[in-house]
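**Q** What shape does this take:
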Amino acid sequence: MRRIFGYALLAVSVAWMPASHAGAAPRAQIIPETTAARHGLARQWFNQADVDLSRGRVTNLVLDRGTLFVQTDQAILQAIDAETGQTLWSAQVGRRGHPSLRPATNADMVAVVNGSNLFVLNRHQGKLLWQQAIPGAPGAGPALSDMRVYVPSTDGLILAYRLKPVADPVEELHDQRFRESLVAAIENLPEREKYVMSMYYEQDMNLKEIGAVLGVTESRISQLHSQAVARIRASLKEWI
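**A** Residues are numbered from 1 along each chain as shown. The predicted structure is shown next:
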């Protein structure tokens, strides 16, 4: 079974073979730690590429900013933490029967050309951000800057597409949790205060109009609104 190894053990895996295999086609092996130690090496980690060896193979490895991107000829792209060997995500990018060209990366994205389509994914999660059909036949894999992705075609034309920035996943999670906390705080309001907030912010009604609906004075609505805001602030004190 073929394996992906950390650092220099890739070379040792082929060199270390029993004498009975002399002359046979080399195949990758897991090197025992004791054997690696005799060569002054330490096995960092090993991982299995996401590939069916009966039908496919690994075609490209791209190491960027501590992440190893493994690409197969079956349109699979796998992201592995280069320090720990942990698989971060694995995704099918495009169609299995179409050729996939070497991926390109920047700090937030990874781009792949599969067949005549360009795919841009979030490099942290493997989520597809957008897909673009490429006119003509792509001549090589894409290139990425912070602002654009570039794709060459076989006729010498180079296409450039502007990228949209990717939000920091930590900030996205923070914002999502804040929204969830805000919704929960509003749901926990007394019914009348909840009605006031809904009519004021969602239906864009003024205090006088809300008072007419609820059958109370404008000053009472102002008081209910202030109470509701105070309750929400108290519920969100860890956020604001």
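**Q** Just the endpoints, please. Distance across stretch 211-218?
**A** Across stretch 211-218, the terminal residues are separated by 5 Å (C-alpha to C-alpha, to the nearest Å).
**Q** Report how many residues lie close to the residue nearest to Val196 when sequence neighbours are not counted.
**A** Nearest in space to Val196, with sequence neighbours left out and distances taken as C-beta to C-beta, 6 or more residues apart in numbering, is Leu224 at 4.8 Å. For glycine as for every other residue, the C-beta is placed from the backbone atoms N, C-alpha and C. Leu224: 24 surrounding residues under other C-beta atoms under 10 Å.
**Q** Surely Leu224 forms part of a helix?
**A** Yes - assessed by DSSP: H, G, I helix; E, B strand; the rest coil, Leu224 belongs to a helix.
**Q** in the chain, what residue sits furthest out from the centroid?
**A** Thr217 (52.5 Å; C-alpha atoms, centre = their mean).
**Q** any idea how far that one lies from Met205?
**A** According to C-beta to C-beta, to the nearest Å, Thr217 stands 15 Å off from Met205.
**Q** isn't the residue nearest to Val196 right next to Glu193, touching?
**A** Yes - taking contacts as C-beta atoms under 8 Å, Leu224 lies within contact range of Glu193: 5.3 Å.
**Q** domains for this structure, by residue range?
**A** 1-47, 49-162, 169-235 (automatic domain parsing).
**Q** Would you single out the least confident of those?
**A** Lowest mean pLDDT of the domains of the chain: domain 1-47, a mean of 55.
**Q** Setting aside sequence neighbours, what's the nearest residue to the residue farthest from the centre of the chain?
**A** In space, Thr217 is closest to Gly211, 5.7 Å off (C-beta to C-beta, 6+ apart).
**Q** can you give me the helices for the chain?
**A** Using DSSP state H, the helices found in the chain span residues 9-15, 33-38, 169-187, 191-197, 207-214, 218-235.
**Q** To Ala107, which of those helices lies closest?
**A** Counting by C-beta to C-beta, Ala107 lies closest to helix 169-187 out of these; the figure is 12.1 Å.
**Q** Stretch 143-162 spans what distance, first to last residue?
**A** 12 Å.
**Q** What are the buried residues along that stretch?
**A** Neighbour counts over stretch 143-162 (16 or more other C-beta atoms under 10 Å) mark Leu144, Val149, Tyr150, Val151, Pro152, Ser153, Leu159 as buried.
**Q** so can I have JSON lines of the residues you listed showing distance to Phe119?
**A** As requested, those are exported to JSON lines (distance: C-beta to C-beta, whole Å):
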{"residue": "Leu144", "distance to Phe119": "12"}
{"residue": "Val149", "distance to Phe119": "10"}
{"residue": "Tyr150", "distance to Phe119": "14"}
{"residue": "Val151", "distance to Phe119": "11"}
{"residue": "Pro152", "distance to Phe119": "16"}
{"residue": "Ser153", "distance to Phe119": "17"}
{"residue": "Leu159", "distance to Phe119": "14"}
